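Asks: Quick one: sequence and predicted model below, then my questions.
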Amino acid sequence: MTLQTITLRLSEDSYRRLQRMAIVLRRPLEEVASQTIRGNLPPTVDDLPAELQNELVAWLSSSDEQLWEIASAALPTDQWRRHRRLLRKNETGALNEAEREELARLRAEADRFVLRRSYALAVLKWRGHTLPLPPGPIHAYAP
C-alpha cells in the first residue's frame, strides 16, 4: 500500500484527544489519526453489491431526515418470523425444496435490508450524527 503525506490542521482539543488515544493504545499518533479517518468514512461504491450501488450512492445527497427514515425502517415482523421458523426447521434438516428456496429468498431480503440500513447509518455517522438510533419503530429483530 502506498502512503501519502498530508498536512492537517486540528484544534488543540482534537489533537490532544488523538494524542491521549495513541498513548492509551501504545500506538503511533499517525496510526491512530489514520485509523480514525478510515473508521469514519462512509463505504465507497466499490464496497457495495452491484445491484445496490446506484441506490445507495444516491443517498449521499439525501437529507438526514430521509436517511433516518431508511435507518429506522423495520423488516416486516411476519417476514422475520417466517425466516426464523425456516431457519429452525433447517437446523433439523426437515426443509423441503420449496422451503429451501423460500429461506434463500428471505435470507437475501434480510441481507439487503441490513445492508441498506447499515449504509444509511454509516452516512449519518459520517455527517456527525450520534448513533445508535433515537427511540422509534425499530423492531426488525424482535421475536
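Replies: Received it, and whenever you're ready, just let me know what you need.

Asks: What is the neighbour count of Leu67?
Replies: The tally of other residues near Leu67 (other CB atoms under 10 Å) stands at 20. Bear in mind the C-beta positions are built from the backbone N, C-alpha and C, glycine included.

Asks: tell me which residues in the longest helix anywhere in the chain are buried?
Replies: Ranked by number of residues, the top helix in the chain under DSSP state H is helix 97-126. Residues of helix 97-126 classed as buried: 103, 106, 110, 113, 116-117, 119-124 (neighbour count, 16 or more other CB atoms under 10 Å).

Asks: Could you do stretch 74-93 as well?
Replies: Neighbour-count burial for stretch 74-93, counted by 16+ other CB under 10 Å, picks out 75, 80, 83, 86.

Asks: In helices, which of the residues you listed fall?
Replies: Secondary structure defined by DSSP H assigns 80, 83, 86 of the buried residues of stretch 74-93 to helices.

Asks: The last one: what's its closest spatial neighbour, skipping adjacent residues?
Replies: I take that to be Leu86. Leu103 (4.3 Å; CB to CB, 6 or more residues apart in numbering).

Asks: which element is the residue lying closest to Lys125 once chain neighbours are set aside on?
Replies: Spatially, and ignoring its direct neighbours in sequence, Lys125 is nearest to Leu131 (5.5 Å; CB to CB, 6+ apart). Using DSSP states H and E, Leu131 maps to neither a helix nor a strand.

Asks: Run a quick neighbour tally on Leu131.
Replies: Using other CB under 10 Å: Leu131 sits among 10 other residues.
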